[in-house]
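Engineer: coords please:
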Amino acid sequence: MTGRDRTSEPRRLEQLWASAFGDAYVDRNTGFDHREPFWRDRMAAMPCDRVLEVGCNVGGNLQWVAQAVPPRHVAGVDINEKALALLAHRVSGVQAVRSSARDLPFAAGAFDLVFTMGVLIHQPEETLPRVMAEMVRCSSRWILCGEYHAPATVDVPYRGEEGALFKRDYGRLFTESFPRLQLHDQGFLGRDDGWDDVTWWALELLP
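Structural biologist: From the prediction side, this is the model:
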């Protein structure tokens, strides 16, 4: 990231995802039927009544979550207005909230499950701890993240943008940063199943 003011990275990336760059991502990501088995199994294994997705896009995950939890108890946060408008249309009854992941507009413990799918990978080093802390703050029991894995941080150029995608060991980062978190389960979602080689971690907050 030579030559770039690292203190401005969070704002730069939020503006990037809120712009036409983010709109193009929304347009590219359609068709989510392959996600149903994963969410059916996860919702059975992680009983919950209130769910928040941070970085919900158009609801490709929440459309399945809302079949297990009443939609009025489901919320999705995103920085992109086009994504939120499509979420509200596609998954009736859910809360579609425009917000930065750094400052979630919810009370502590407001949700039983807080999760991301392919969102922490787009957080720079400067804001990742804060986003993770906000996820933990808003959860009363479960944290789940599905992200690209690497043993140590790897900065991967993403569609011409530097500093916009990072592979990391997110499960380890959560458990090292938050001693109350215990690994509950984990797995891998490969391309043969319609996913994008995503590693997921399900973690539980201990009393």
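Engineer: Report all helices and strands that the lowest-mean-pLDDT helix or strand in the chain contacts.
Structural biologist: Least confident helix or strand, the chain: helix 9-18 with a mean of 88, by mean pLDDT, DSSP states H and E. For helix 9-18, not one helix or strand is in contact under the criterion 3 or more C-beta pairs under 8 Å, 6 or more residues apart in numbering; DSSP states H and E. For glycine as for every other residue, the C-beta is placed from the backbone atoms N, C-alpha and C.
Engineer: Okay, now the unreliable bits of this protein?
Structural biologist: 1-7 (pLDDT under 70).
Engineer: any idea where the strands of it begin and end?
Structural biologist: For the chain, the strands defined by DSSP state E occupy 51-54, 74-78, 95-98, 111-117, 139-147, 154-155, 166-167, 181-189, 198-205.
Engineer: Go through these and name the closest to Leu16.
Structural biologist: When those are compared by C-beta to C-beta, strand 74-78 sits nearest Leu16, at 13.4 Å.
Engineer: Out of the strands of the chain, which is closest to Arg130?
Structural biologist: strand 51-54 (11.9 Å).
Engineer: residue nearest the centroid of the chain?
Structural biologist: Centroid-nearest residue in the chain, with C-alpha atoms, centre = their mean: Thr116, separated by 1.8 Å.
Engineer: where's that one relative to Leu183, distance?
Structural biologist: 16 Å (C-beta to C-beta, to the nearest Å).
Engineer: again with Ala75
Structural biologist: Taking C-beta to C-beta, one finds Ala75 at 25 Å from Leu183.
Engineer: Of these two, give the one with the bigger neighbour count.
Structural biologist: Legend: neighbour count by other C-beta atoms under 10 Å for Ala75 and Leu183, higher for Ala75 (25 against 13).
Engineer: check contacts around the residue nearest to the more buried one when sequence neighbours are not counted.
Structural biologist: Distances taken as C-beta to C-beta, 6 or more residues apart in numbering put Gln95 closest to Ala75, at 3.9 Å, once the chain neighbours are dropped. Gln95 makes contact with 72, 74-76, according to C-beta atoms under 8 Å, 6 or more residues apart in numbering.
Engineer: Including distance to Cys56, could those residues go into JSON lines?
Structural biologist: What follows is the contacts of Gln95, written out as JSON lines (distance: C-beta to C-beta, whole Å):
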{"residue": "Arg72", "distance to Cys56": "16"}
{"residue": "Val74", "distance to Cys56": "9"}
{"residue": "Ala75", "distance to Cys56": "8"}
{"residue": "Gly76", "distance to Cys56": "3"}
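Engineer: Mind picking the two most distant members of the residues you listed?
Structural biologist: The span of the contacts of Gln95, defined through C-beta to C-beta, is set by Arg72 and Gly76 at 12.8 Å.
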